[in-house]
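Enquirer: Need a 3D model of the sequence below.
(one chain, ligands or ions: 1)
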Amino acid sequence: MSSFWNDLPQPFFVLAPMEAVTDVVFRQVVRRAGAPDIFFTEFANATGWVHAGDKAIAGRLIKTDDEHPLVAQIWGGEPGDMEQFARHCRELGFDGIDINMGCPAKSAIKSGGAALIRRPDVAVAAIRAAKTAGLPVSVKTRLGYTYADEWRDWLRVLLEQDIVNLTIHLRTKREMSKVPAHYELIDEIVALRDEVAPQTLLTINGDIRDRAHGLELAAQHPGINGIMIGRGVFHDPFCFSKSASGIAEKNLGAKPGPGLFFSDTRTDRELTGLDAPVTASSTEDMSTPHRAELLELLRYHLDLFDEYQPVLERPFETLKRFFKIYIRDFDGAKELRDQLMHTRTTDEARHVLRSGRL
Ligand SMILES: Cc1cc2nc3c(=O)[nH]c(=O)nc-3n(C[C@H](O)[C@H](O)[C@H](O)COP(=O)(O)O)c2cc1C
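Expert: All right, here's what the predicted structure looks like:
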């Protein structure tokens, strides 16, 4: 099946699905900063939706009509539910379905997410079920459950299913985000893809900072089709832009490593990144125009939060986890952030931004 996936320039860039982050609001922020070629939603549970309807997925599939291409990421361990949910995604107007087979969160691995690495029969059935909706089906997974060398058997199973794209977060479930991504395996994975399913696109994920870093990896490893970036946007929301600011490189050091990014173990502390160290910054490194762009982006985020509040109904507190993305790396940033953390409404936050030492 030919689809938008095959019409993109390569390597294409993808914003990673991130729970409680990449909702309709934040996707629009990233689009304004510098759009990737493909957006994914945060993951949504098929069985929850089948049994409890929209309230079970809490706004995760809300989107605008002009977000294209947009892939709905779904997860679960019941192929029948995957089939129904995939059809629903099609009716909602999504361009593709991605099945999450890598999430390490306890709630997910009871039945889906990374649990499917250990239940390849269910993984295969889930892919078949999702395909019945008629949308292109892709999979996002990890190298294995416990050991990195599981990748060969596991990825072969997935490649044999004729999926349109396989995204590999280059770590095992056990490794979480605690070790550097296994870039050393990329060439062997490309060779396996070429042998088993040359028509399936291959997207790599893990510790990729920005477009320049992604292009560098694609040049080093011919055969990669796509680059997915997640936590890179926390360090530089302009990271997909062709004229990327390079904040990550300038202010955070060039080498990816476990300490560089926020973790994906999904505790709120780690998710917010508010406790993550901001390393080696200096006011000189960050030009004033860039600071102005970041603040403009935060104002846009506040406006979108208000616009979508009637449908998303998110507590204002959930917005605070994003402040560190915009308010950092300049004299007075910490004080300004502290003031913002004490606000209770978007209007109070706007007031602080107007009256802050900027
Ligand atoms: C806060 C957070 C939420 C995440 N939620 C999802 C999710 O819903 N679906 C998914 O497939 N991966 C999820 N991930 C994993 C990312 O998509 C990505 O695979 C991981 O962060 C590694 O890529 P990175 O180093 O570019 O961030 C999440 C990661 C983070 C940090």
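
Enquirer: Now do the strands in the stretch 201-350 of the chain.
Expert: 201-205, 226-229 (DSSP state E, counting those that start in this stretch).

Enquirer: Dump those to CSV, plus distance to Val137.
Expert: Heads up, the C-betas are built off the backbone N, CA and C, glycines and all. Below are the strands of the stretch 201-350 of the chain laid out as CSV (distance: least, Cβ to Cβ, whole Å):
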stretch, distance to Val137
strand 201-205, 12
strand 226-229, 15
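
Enquirer: show me the contacts for whichever residue of the chain sits closest to the ligand.
Expert: Distance from the ligand to each residue of the chain (Cβ to the nearest ligand atom) is smallest for Gly230, at 2.8 Å. Neighbouring residues of Gly230 by Cβ atoms under 8 Å, 6 or more residues apart in numbering: 15-18, 205, 264.

Enquirer: Next: Glu313.
Expert: Gly59.

Enquirer: rerun at 6 Å
Expert: For Glu313, the contact set (Cβ atoms under 6 Å, 6 or more residues apart in numbering) is empty.

Enquirer: how about the residues of the chain that lie near the ligand?
Expert: Proximity of the chain to the ligand, by Cβ under 6 Å from any ligand atom, involves residues 16-19, 21, 42-43, 73, 100, 102-103, 140, 169, 205-208, 229-232, 261-262, 264, 271.

Enquirer: just for the stretch 201-350 of the chain, where's the confidence low?
Expert: Within the stretch 201-350 of the chain, the ranges that satisfy pLDDT under 70 run 244-289.

Enquirer: which residues in it form helices?
Expert: For the stretch 201-350 of the chain, the helices defined by DSSP state H, counting those that start in this stretch occupy 211-220, 232-235, 247-252, 268-272, 288-312, 317-320, 323-326, 333-341, 346-355.

Enquirer: still on that earlier bit, would you list the strands of the stretch 201-350 of the chain in CSV and tack on mean neighbour count and distance to Gln339?
Expert: Converted to CSV, those look like this (neighbours: other Cβ atoms under 10 Å; distance: least, Cβ to Cβ, whole Å):
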stretch, mean neighbour count, distance to Gln339
strand 201-205, 23, 36
strand 226-229, 25, 30
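
Enquirer: and of those, who's closest to Leu116?
Expert: Among the strands of the stretch 201-350 of the chain, the nearest to Leu116 by Cβ to Cβ is strand 201-205 (17.1 Å).

Enquirer: Find the residue closest to the spatially most central residue of the chain in space, skipping its chain neighbours.
Expert: Against the mean C-alpha coordinate of the chain, by Cα atoms, centre = their mean, the closest residue is Ala16 at 2.0 Å. Excluding its sequence neighbours, the residue lying closest to Ala16 (Cβ to Cβ, 6 or more residues apart in numbering) is Gly230, at 3.3 Å.

Enquirer: tell me the phi and psi of that neighbour?
Expert: Main-chain dihedrals, Gly230, degrees, to the nearest 10: phi -110, psi -90.

Enquirer: And it, how far from Glu42?
Expert: 11 Å (Cβ to Cβ, to the nearest Å).

Enquirer: ok, now Leu70?
Expert: 12 Å.

Enquirer: Check whether Val352 really touches His342, as I assumed.
Expert: No. With contact defined as Cβ atoms under 6 Å, Val352 does not reach His342; the gap is 8.4 Å.

Enquirer: These two: who's more crowded?
Expert: Val352 (18 against 10; other Cβ atoms under 10 Å).

Enquirer: ok, that one to Glu335 distance?
Expert: According to Cβ to Cβ, Val352 and Glu335 sit 10 Å apart.

Enquirer: What of Lys320?
Expert: To Glu335, Lys320 is 16 Å away according to Cβ to Cβ.

Enquirer: between those two, who's got more neighbours?
Expert: Lys320 (17 against 12).

Enquirer: Tell me, how many residues neighbour the closest residue to the more buried one other than its chain neighbours?
Expert: Closest residue in space to Lys320, ignoring its immediate chain neighbours: Met341 at 5.8 Å, by Cβ to Cβ, 6+ apart. By the measure other Cβ under 10 Å, the count of residues near Met341 is 15.
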